[in-house]
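Student: have a look; sequence and predicted model below, questions after that.
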Amino acid sequence: MNFSLYKHMMKVHLKGMMNYAIGSAFYMLLMVWVYPSIAENTKSLNDFMKVMPKGVMKAFGFENGFGSFESYISGEYYGVILTIILTIFCVMLPTQLMAKLVDQGSMAYLLATPTTRGKIAFTQASVLLTGVFIIMLITTIAGFVGYGLFMKGENSFHAIKFIQLNIATLFLFIAVGGISFLISCLSNDEKKALGISGVIAFGFFSLDMIGKISDKVEWLRNITIYSLFRPSEIVSGSADIVQTSIILCFIGILTAGIGILIFRKRNLPL
C-alpha cells in the first residue's frame, strides 16, 4: 500500500463518506425514536400484516412482524433503505477511485510517481473498504446511542443480533464494492464504468426483490449475491451468518484482487 496516496484519497473522499454515514446514522436514530410508539401497537400492526400478501411481506423483510426492535429495523431499514444507500455508495466510490482518474488523465500522474500499479490499485481498494467500514461503524454506534436515548429499559433490544445484522451488511457491501471495483479497473470511461456497475448492482438487488415476491420466480435469487443477505433470518436466529459472511468476503476479495491484477497488466490511454 502507498500510505501517502491512501491519506490523500481519504482526505479527498472523507466528506462524501461522512455524508453517507451521517445520513445513515440520522435515519437509524429516527427509526429508534419511532419504535417505542410502534411497539405499543404491535398487535394491531401484526394483525394488519397478516392480511398482506406473503410475497410482499417477504420482499420487504416483514416476515417476523414487529415483535422486537431487530425485527422492525431489519424490514424497515436494512431490508431496503440502507441496502439502496450502500449500493449507491459502492457503485459511485469505486468509479471515482479508478475509472474517473483514468478517464480524466489523473492516473498518469500517479503512475509517474515511484510506485507500482499494483500498489496504487490496492491503495484505492483499501480506501473503498475503509469507506464501507466507516458507514457501518457509525450506523451501528447510532443504533446503540438511539437505544440509550429513546429505548432505555426496553427489553426488546438484543445487542448481539443487532451487531450480527450490521456485520452481515458490511460483508455484503464488501462483495458489492469488490464487483464495482473490478469493473472500474477494466474501464477507461467513467460514465461507462458507472453505468455497468449500476446495472449489475441494482440488477442483483431487483432480482432478489422479485424472487422474494413469488415462489414461481424464486430461482432468480440464485443468481444474485443479495440473496445471501437475509436480515429477517439473522434476527430470528435461523441464518448461518458465519458461512454467508465468509462467502461474501471471499467474493469481495476475489473480485477486487482480479481488478488489481488486471489493472497491473492492461494498457492505459495516454
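Tutor: Arrived safely, thanks for sending.

Student: please save the CA atoms from stretch 98-111 in PDB.
Tutor: Taking Å, rounded to 0.1, in the frame of the first residue of the first chain, the C-alpha atoms of stretch 98-111 are listed here in PDB:
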ATOM      1  CA  MET A  98     -10.200   4.200 -10.600                       C
ATOM      2  CA  ALA A  99     -12.100   4.800 -13.800                       C
ATOM      3  CA  LYS A 100     -12.600   8.600 -13.200                       C
ATOM      4  CA  LEU A 101      -8.800   9.000 -12.700                       C
ATOM      5  CA  VAL A 102      -8.100   7.100 -15.900                       C
ATOM      6  CA  ASP A 103     -10.800   9.000 -17.800                       C
ATOM      7  CA  GLN A 104      -9.500  12.400 -16.700                       C
ATOM      8  CA  GLY A 105      -5.800  11.600 -17.100                       C
ATOM      9  CA  SER A 106      -5.000  11.900 -13.400                       C
ATOM     10  CA  MET A 107      -4.000   8.300 -13.200                       C
ATOM     11  CA  ALA A 108      -1.000   9.100 -15.500                       C
ATOM     12  CA  TYR A 109       0.300  11.500 -12.800                       C
ATOM     13  CA  LEU A 110       0.000   8.700 -10.100                       C
ATOM     14  CA  LEU A 111       1.800   6.300 -12.300                       C
END
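
Student: distance between it and the chain's centre?
Tutor: Relative to its chain's centre, stretch 98-111 lies at 26 Å (Cα atoms, centre = their mean, to the nearest Å).

Student: how about residues contacting it?
Tutor: 5, 117, 120-121, 124, 181, 183-185, 187-190, 192-194, 259, 263, 268-270 (Cβ atoms under 8 Å, 6 or more residues apart in numbering). For the C-beta atoms, the positions are set from N, CA and C on the backbone; glycine is no exception.

Student: this structure: helices as residue ranges?
Tutor: Assigned by DSSP state H, the helices in the chain fall at 3-39, 42-50, 54-59, 69-73, 81-94, 100-104, 106-111, 117-150, 159-186, 190-213, 231-236, 241-265.

Student: any low-confidence regions in this structure?
Tutor: 38-68, 152-156, 269-270 (pLDDT under 70).

Student: nearest residue to the middle of it?
Tutor: What sits nearest the mean C-alpha location of the chain, by Cα atoms, centre = their mean, is Phe173, with 3.5 Å.

Student: in this structure that one contacts Leu86, no?
Tutor: Yes. Between Phe173 and Leu86 there is a contact at 4.7 Å, judged by Cβ atoms under 8 Å.

Student: ok now do Cys90, which residues does it touch?
Tutor: Per Cβ under 8 Å, 6+ apart, neighbours of Cys90: 128, 132, 173, 176-177, 180, 201.

Student: any idea how far Met209 lies from Pro231?
Tutor: To Pro231, Met209 is 13 Å away according to Cβ to Cβ, to the nearest Å.

Student: Ala25: what's it in contact with?
Tutor: Per Cβ under 8 Å, 6+ apart, neighbours of Ala25: 138-139, 141-142.

Student: most neighbours among those residues, please name it.
Tutor: Thr139 (26 neighbours; other Cβ atoms under 10 Å).

Student: show me the contacts for the residue lying closest to that residue once chain neighbours are set aside.
Tutor: In space, and not counting its chain neighbours, Thr139 is closest to Ser24: 4.6 Å by Cβ to Cβ, 6 or more residues apart in numbering. Going by Cβ under 8 Å, 6+ apart, Ser24 touches 82, 85, 135, 138-139, 142.

Student: now swap in Phe202 and tell me
Tutor: 87, 91.

Student: any idea how far Leu254 is from it?
Tutor: Taking Cβ to Cβ, one finds Phe202 at 21 Å from Leu254.
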